[in-house]
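> Structural data only, the sequence is not supplied:
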């Protein structure tokens, strides 16, 4: 397993976990993870994990920017990865 594969696996697991944690905090009306942080994780390679988490936990699905932006970013990241390989 290459270092890039390991990195992408880890950052996407982190993205998935962030959606889970933020959804739980939203339900409890606790301090939330900033949207800026969520987008940062997406841009550095975690868009796929965040997209899966968004649908799995039904979180941020009413935000058009997340509903369309995360999947499009995930597709873009996948295309870049395939070109790199």
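Thanks, I have the structure now. Predicted, not measured: the structure shown is a model, and the values here were computed from it.

> So what does residue 61 look like in phi/psi?
Dihedral angles of residue 61 (phi, psi; degrees, to the nearest 10) stand at phi -80, psi -10.

> Would you check that it makes contact with residue 50?
No - using Cβ atoms under 8 Å, residue 61 makes no contact with residue 50, being 12.0 Å away. Where you see a C-beta, it was placed from the backbone N, CA and C, and this is true even at glycine.

> between those two, which one's more packed in?
The neighbour count for residue 61 versus residue 50, taken as other Cβ atoms under 10 Å, is higher for residue 50 (29 against 11).

> excluding its backbone neighbours, what's nearest that one?
residue 15 (3.9 Å; Cβ to Cβ, 6 or more residues apart in numbering).

> Likewise for residue 57?
residue 23 (4.3 Å).

> Check the average confidence over the strand or helix carrying the one you found, would you?
Using DSSP states H and E, the element containing residue 23 is helix 3-27. Mean pLDDT, helix 3-27: 95.

> Spatially central residue for the protein, please.
residue 50 (2.1 Å; Cα atoms, centre = their mean).

> can you tell me the helix or strand for that one?
Judged by DSSP H and E, residue 50 forms part of helix 47-56.
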